[in-house]
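Novice: pasted the sequence and its predicted model underneath.
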Amino acid sequence: MASQTDVRQLIYRPSAPRITAAAGSAGDTIITALNSEVTPPLALQATTTPNLVLNIGNITVTNPSSGLNRSIPPISSLLPTFASGTVTMSASGSGTATPSTGSAINLGMTASQFMRLGVNITSTGVLILLAGTPGASLAAATVPAAISGTFAIGYVVVRTDASNNVQNVLNSDIYQYVGGGGGSGTGNASTILETLKNEFVDSPYQLLTPNIIATDSATKFSTLTGAAYDASNSTIKFTANAQVAVSTNMLDTAEFLGQGLDVGGVDLSVMWSKSQSPTALSVPAAFTYEVSRDGGTNYSTMTVTRVGTTEAFRGNLTFTTEAVQQSLATQTGTTLNRDLAQSSSDQQLSQSFVVPAGQTWVITQAILNVTKTGTPGGNLYVSLVNNSGGVPSALAADVLGQSSAVVASSLTTGANTVVLPNTVLVAGTYHVVVSSDAAYKATGTFASNKIQLQDASTLSGESTYNGSAWSTQASRGLIYTLQGRSLDLRLRITSAGSPTYPCGLDGFGLFYSLNNVGLVGATKKTQRFVFNSTVDNTSSFAITGFSPDPDLLSFYHVETGQVYKIPAFNLNGTTATFAANTFNNGGVSTTVTLIADQNSGGAMDNSDSNGRLLSTNHLGSTSGLDDKSAAGRGIILRRPDGTLREIAIDNNDNITITSVP
């Protein structure tokens, strides 16, 4: 594994040499050195001769031991290059405050009032002023609400006298937010990000989406009910039970949603604030954490555990089948009927549908409206197939998912639900294809025993197959619904347990997409073939549900219990071919169920070689299942000269070193 040094974490620490300096070092020198470490990236300062101007700008601190100056630049991940700026107050409290960049704001004050005027900056260097509600005292003046997506620098107390004249700005009126955020290694946001990065290194997940409040404000929340963004603490603040914060979709559009992967489980890390200034915040122990992978249609409660006595909580969740399936694509209309015919142009029917840009769907079932006549024989199959020129692709590899056999006689007139293997579809055009087996096609008196798919002339997207090619049908579309879920990963936090409010959420990270998708959440590599031993007497089978591997593929004959491996059949591309009459049953008519199975290839690891290595080194365990120890034997190590030696212990617990036998 390659290592990469994050140079942003290499921070000059001028305080350290002063703390360890010889006795007699001036206390104010040490304090000055320490102060340089907590100075915010932008300073709010009064004018040397106080007036109505608040000054904003980068600052320079002096290292007292070296006399060298150090400029503290804006935090690169949050602030632009910003040399300086000002905010000028009007002489009257009923006037405005005007920033050097950005828009003026009305102070709205009357005589003898106090107001807290917040100063924020956007990512493009525009100053944003936020006015709190004025009050007759400083305690009565509210801290202004923040604007999402801006960085809070601090606020200044604006005062008016008995004639509503604004008083000069004094340094004692300025409240600077210190250590509230940053990506340079010195702030709260960096601490959270570094914590998440460290967890990510040891995580089995490939992707992580963080939501760091000091950086993101409230931009990654879709709903805040009761809870609200607090600029003074750079947190999402909860002040009572039953307040709710719901995130936006945490799945990465570029790196995940376009890759055709499902979300089988997630890890969650949550960080709460222990801040005591400017507002004292407590860490909640009993809040409810819920995760949804379908945008909130279904939520699953996650059990989280506090990490010691820290402000961090962690938990994980493996998703189960959702109770409510989303309707992803559907068409309704005035019912007509199209035969699923034995031959002619309607041997297979299809309906096109589109997964919108920026979305990924997981299809779990299809609802088809049919008209059933009599008692048709055989089975039907429903498949999801890639698009090719407006019709279903003819390539076997483009069949993305296929249902098990649906007994035709079991269908009823009206809506019928057909379960599909979980099939992940990225943005694009696809087709639902309905086909039949030979037994259905062999049904006698077909006109009186058949299945028709209901469609409508007011719809579109229907195609038919004549045995060799697909044709689109003008002004016809099937009546159908595709169900499943549109991937959308959200976290919902609900305040509960009556802690000491307020509680401030510093941020969280959701880990998703396991490294080895073959171990968890992979589609089963199984395909079922059902046919008649004499009418069909099938010996060639096109595998469309997965890519067959000749070393791993097995065929199970359900009725006889026979298992076939190569060379009992030949594999040509994705088609397995048996000798003629292999399943003829001596000419006696019977149903043959053949299952192609390759689940043993779902994950490739080195467990066998690892086991042999453990055994070679005689490693012991208290578990009999894992124990590989042998009396008097030990681990094998190699000396620098290349010679192997075995290190063991004797009955007196002395270490022994012997030549490798």
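Specialist: That came through fine. Bear in mind the structure is a predicted one, so any value in this text is a computation, not a measurement. Residues are numbered from 1 along each chain as shown.
Novice: what about the residue located most distally from the centre of the chain, which SS state?
Specialist: Each residue of the chain has a distance to the centre, and by Cα atoms, centre = their mean the biggest one is for residue 163: 57.4 Å. Under DSSP: H, G, I helix; E, B strand; the rest coil, the three-state class of residue 163 is coil.
Novice: nearest residue to it in space, please, no chain neighbours.
Specialist: Distance criterion Cβ to Cβ, 6 or more residues apart in numbering; nearest residue to residue 163, sequence neighbours excluded, is residue 111 at 6.4 Å. For glycine as for every other residue, the C-beta is placed from the backbone atoms N, C-alpha and C.
Novice: state whether residue 439 is indeed within a helix.
Specialist: Yes - under three-state DSSP, residue 439 falls within a helix.
Novice: contacts only, for it.
Specialist: Shown in contact with residue 439 (Cβ atoms under 8 Å, 6 or more residues apart in numbering): 377-379, 530-532, 535-536.
Novice: can you select the buried ones from those in ChimeraX?
Specialist: Selection of buried members from the contacts of residue 439 for ChimeraX, criterion 16 or more other Cβ atoms under 10 Å:
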select :377,378,379,530,531,532,536
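Novice: show me the helices in the stretch 251-400 of the chain, by range?
Specialist: In the stretch 251-400 of the chain, no helices are defined using DSSP state H, counting those that start in this stretch.
Novice: next one: the chain
Specialist: 15-19, 27-38, 188-201, 213-216, 438-441, 607-616 (DSSP state H).
Novice: same for the fourth one, what does it pack against?
Specialist: Going back to what we said before, that points to helix 213-216. helix 188-201, strand 503-514 (3 or more Cβ pairs under 8 Å, 6 or more residues apart in numbering; DSSP states H and E).
Novice: contacts only, for the closest residue to residue 54 other than its chain neighbours.
Specialist: Once flanking residues are discounted, residue 54 sits nearest to residue 87: 4.3 Å by Cβ to Cβ, 6+ apart. Counting by Cβ under 8 Å, 6+ apart, residue 87 touches 53-54, 56, 97-100, 117, 119, 127, 129, 156.
Novice: ok, 6 Å please
Specialist: Applying Cβ atoms under 6 Å, 6 or more residues apart in numbering, we find residue 87 in contact with 54, 97, 99.
Novice: among these, which one lies nearest to residue 170?
Specialist: Set against residue 170, the nearest of the contacts of residue 87 by Cβ to Cβ is residue 54 (10.2 Å).
Novice: in this structure, which residue is most central in space?
Specialist: residue 251 (3.7 Å).
Novice: count of neighbours near the closest residue to that residue other than its chain neighbours?
Specialist: The shortest distance from residue 251 to any non-neighbouring residue, by Cβ to Cβ, 6+ apart, is to residue 489 (4.8 Å). Applying other Cβ atoms under 10 Å, we find 21 residues neighbouring residue 489.
Novice: just residue 383 next, same as before
Specialist: Residue 383: 23 neighbours (other Cβ under 10 Å).
Novice: distance of it from residue 651?
Specialist: 68 Å (Cβ to Cβ, to the nearest Å).
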